[in-house]
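*Asks:* The sequence and its predicted three-dimensional model are supplied below.
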Amino acid sequence: MGILLLLGLIALACTLVRIVIYFTDKQFSRARGIALHAALSVAAYVAIVIVAALPSPRSAPAIGTHCDDDWCMSVDSISKTPTAPGRLNYRLAVHIFSRANHGPRSAKGAWLYLADERGRRFELAPDASAVPIDVVLEPHRSVATSLNFTVPADARGLRLIGGLGSISMASFIIGSGDLLRRPRMQLRID
């Protein structure tokens, strides 16, 4: 958690204590004034988080390793095979690893899909034989798995896009993008 967020939460807790004290001392106007300032401060912070999370044009790097804090995923290879007329199966061999020095790591709630230059989305195909991407990893451990996507043969400019599906305390750190479900990862694969 960001140090500024932690300090902000401590300041907010102290402010709430002050409001309760003034309220119990029947100093209602003073309690109301402090509550108004606290509400405006929280609203300003949330507005800054949202503005900082707005999508900005940026290019997607080529395949390789992507880390989100201590959880990492590396795309090692990509294979394409025809599955049906006009359809291709993209199989991405990946390994997931933890850079953490202590405690388990997981991408619980993560989502992945392929997108082409026309904005079409291609969801991850279920594969019971593959290790799920949200596997729990102990520090400095890794696991190999694969991701399968079926796409039309005319799809160009494919990108692997991923993010987290849940809002956590880290979502309120300025620039995280989680509140807007902005992707945390974009890798060019084609």
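*Replies:* Sure thing, it's come through.
*Asks:* Any buried residues in the lengthiest strand in the chain, and which?
*Replies:* The residue-count maximum for a strand in the chain (DSSP state E) belongs to strand 71-84. Residues of strand 71-84 classed as buried: 71, 72, 73, 74, 75, 78 (neighbour count, 16 or more other C-beta atoms under 10 Å). C-beta coordinates here come from the backbone N, C-alpha and C atoms, glycine included.
*Asks:* Kindly report the same for stretch 106-120.
*Replies:* If you call a residue buried by 16+ other C-beta under 10 Å, then stretch 106-120 has these buried ones: 107, 110, 111, 112, 113, 114, 115, 116.
*Asks:* Reformat the buried residues of strand 71-84 into JSON lines and put distance to residue 41 and pLDDT next to each item.
*Replies:* Below are the buried residues of strand 71-84 laid out as JSON lines (distance: C-beta to C-beta, whole Å; pLDDT from 0 to 100):
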{"residue": "71", "distance to residue 41": "32", "pLDDT": "81"}
{"residue": "72", "distance to residue 41": "36", "pLDDT": "84"}
{"residue": "73", "distance to residue 41": "37", "pLDDT": "85"}
{"residue": "74", "distance to residue 41": "41", "pLDDT": "86"}
{"residue": "75", "distance to residue 41": "42", "pLDDT": "88"}
{"residue": "78", "distance to residue 41": "48", "pLDDT": "90"}
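*Asks:* In JSON lines: these, plus distance to residue 93.
*Replies:* Putting the buried residues of strand 71-84 into JSON lines (distance: C-beta to C-beta, whole Å) gives the following:
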{"residue": "71", "distance to residue 93": "18"}
{"residue": "72", "distance to residue 93": "15"}
{"residue": "73", "distance to residue 93": "11"}
{"residue": "74", "distance to residue 93": "10"}
{"residue": "75", "distance to residue 93": "8"}
{"residue": "78", "distance to residue 93": "8"}
